[in-house]
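Trainee: only geometry, no sequence info:
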């Protein structure tokens with residue numbers, strides 16, 4: 001019957017038969033009492049005042065209605081919201097819960113993402129309302145190839161951190177997000193390179209770490225890095241000393257107005273750091289650099305007849321004399337404060353800093369290492 005159109009008169013006859021069935025108490029009964037009008041009993045659900053989930057149990061409910069209402073909570077726990085086109089749906093980003101989860105907010109404008117970009121793209125400004133692809137194009141147009149690779153990897157790691165929070169209830173610290181991004185990028189670059197890098201044999205605790213670690217009590221940790229400023233025909237380096245509490249003891253930035261190779265710049269930085277440590281007379285010092293070539297060269301016994309080799313020989317000699325100084329190789333992600341200070345050396349040439357005078361951008365990096 002459901003596939004045929006019935007005449008209205010036949011439909012009315014069917015309704016009359018149904019109503020007689022409900023209101024007759026028995027086949028022999030001739031008197032009929034209509035406890036409720038058929039029109040009210042057969043009212044369409046669209047004419048109701050609400051829906052089942054909003055309905056109340058009411059006064060003097062029947063056993064059937066009481067049983068149905070009792071099961072309402074079970075239905076609510078398993079019910080799902082039908083989104084449709086999503087025109088009126090607002091889903092906040094689960095990491096900060098302060099704004100809608102758009103690509104731009106998730107990867108760029110979220111407070112957590114901004115802290116990551118503060119480290120990777122210091123001083124970079126952009127319009128919060130711009131589209132994500134426009135933001136990416138802006139970065140690619142203004143940064144070199146190496147920095148663009150870092151940006152792509154950090155975006156990927158921010159998204160991984162978001163998924164860890166949503167699916168595994170695991171919160172990832174900001175400094176770990178940046179550290180993991182740099183570690184993955186290093187591994188990718190090595191995998192893509194046709195040149196096999198010599199392996200670094202660990203000689204002590206702290207070799208190859210990816211996150212900065214506080215030194216032990218009464219030990220000073222000195223982090224160093226160099227930066228090349230090709231457009232300005234210069235290079236600079238940053239040295240930063242911190243104690244067991246992670247707080248800044250002192251820092252130094254130096255600028256040289258001529259160009260050298262990156263490896264030579266790092267070797268000169270280590271040499272300057274060893275001289276600096278010697279002058280400061282700290283009882284025990286850990287020296288960390290993210291230049292694998294320089295650290296391996298200093299550790300080896302191979303004679304080097306070049307300007308670079310001469311600097312390496314001086315570093316070897318000072319290390320032998322400074323018995324309480326240990327040199328370690330660390331990943332870039334564990335050396336972000338020195339990296340940032342080296343980048344700032346062009347703005348702060350030949351300067352020394354303490355906790356009161358250190359630039360805010362460096363202090364923020366120090367605090368991120370402690371989070």
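Mentor: Received, thanks. What you see is a predicted model; the values in this text were computed from it and never measured.
Trainee: wait, residue 186 sits on residue 332?
Mentor: Yes - using Cβ atoms under 8 Å, residue 186 is in contact with residue 332, at 7.2 Å. For every residue, glycine as well, the C-beta is placed using N, CA and C.
Trainee: which one of these two has more residues nearby?
Mentor: Neighbour count, other Cβ atoms under 10 Å: between residue 186 and residue 332, residue 332 has more, with 20 against 17.
Trainee: show the pLDDT at the more buried one.
Mentor: Turning to residue 332, the model gives it a pLDDT of 89.
Trainee: again with residue 275
Mentor: Predicted confidence (pLDDT) at residue 275: the value is 96.
Trainee: residues contacting the closest residue to it other than its chain neighbours?
Mentor: In this structure, residue 275 finds its nearest non-sequential neighbour in residue 318, 7.2 Å apart by Cβ to Cβ, 6 or more residues apart in numbering. Counting by Cβ atoms under 8 Å, 6 or more residues apart in numbering, residue 318 touches 271, 274, 275, 278.
Trainee: what of residue 220?
Mentor: Contacts of residue 220 by Cβ under 8 Å, 6+ apart are 241, 242, 243, 249, 280, 282, 284, 285, 286.
Trainee: try 7 Å
Mentor: Residue 220 sits next to 241, 243, 249, 282, 285 when contact means Cβ atoms under 7 Å, 6 or more residues apart in numbering.
Trainee: same check, this time on residue 239
Mentor: By Cβ under 7 Å, 6+ apart, the contact list for residue 239 reads 222, 224, 251, 252, 272, 273, 276.
Trainee: would you mind measuring from the last one to residue 253?
Mentor: By that I understand residue 276. Distance, residue 276 to residue 253, by Cβ to Cβ, to the nearest Å: 12 Å.
Trainee: which one's more surrounded, those two?
Mentor: More crowded of residue 276 and residue 253, by other Cβ under 10 Å: residue 253, with 26 against 20.
Trainee: and the next element down the chain from the host helix or strand of residue 342?
Mentor: Using DSSP states H and E, residue 342 sits within helix 336-344. Using DSSP H and E, the next helix or strand after helix 336-344 towards the C-terminus is strand 351-353.
Trainee: centre of the chain to the helix or strand following that next one, how far?
Mentor: Next in sequence after strand 351-353, counting helices and strands by DSSP H and E, comes helix 360-370. How far helix 360-370 lies from its chain's middle: 17 Å, per Cα atoms, centre = their mean, to the nearest Å.
Trainee: now the contacts of residue 239: which count as buried?
Mentor: Listed as buried from those are 222, 224, 251, 252, 272, 273, 276; burial here means 16 or more other Cβ atoms under 10 Å.
Trainee: part of a helix, is the second one?
Mentor: No - secondary structure assignment (DSSP: H, G, I helix; E, B strand; the rest coil) places residue 224 in strand, not in a helix.
Trainee: residue 289 is in contact with that one, correct?
Mentor: Yes - here residue 224 reaches residue 289: they are 5.3 Å apart, a contact under Cβ atoms under 7 Å.
Trainee: common neighbours of the two, please.
Mentor: residue 270.
Trainee: quick one: low-confidence parts of the protein?
Mentor: Along the chain, segments meeting pLDDT under 70 span 1-5, 22-50, 78-90, 187, 190-206.
Trainee: mind naming the longest helix for it?
Mentor: helix 145-168 (DSSP state H).
Trainee: and the helix or strand following that helix, what does it pack against?
Mentor: The element immediately downstream of helix 145-168 (helix or strand, assigned by DSSP H and E) is helix 174-192. Where contact means 3 or more Cβ pairs under 7 Å, 6 or more residues apart in numbering; DSSP states H and E, helix 174-192 is packed against helix 111-120, helix 145-168, helix 360-370.
Trainee: if I look at residue 304, how far off is residue 72?
Mentor: Applying Cβ to Cβ to residue 304 and residue 72 gives a distance of 81 Å.
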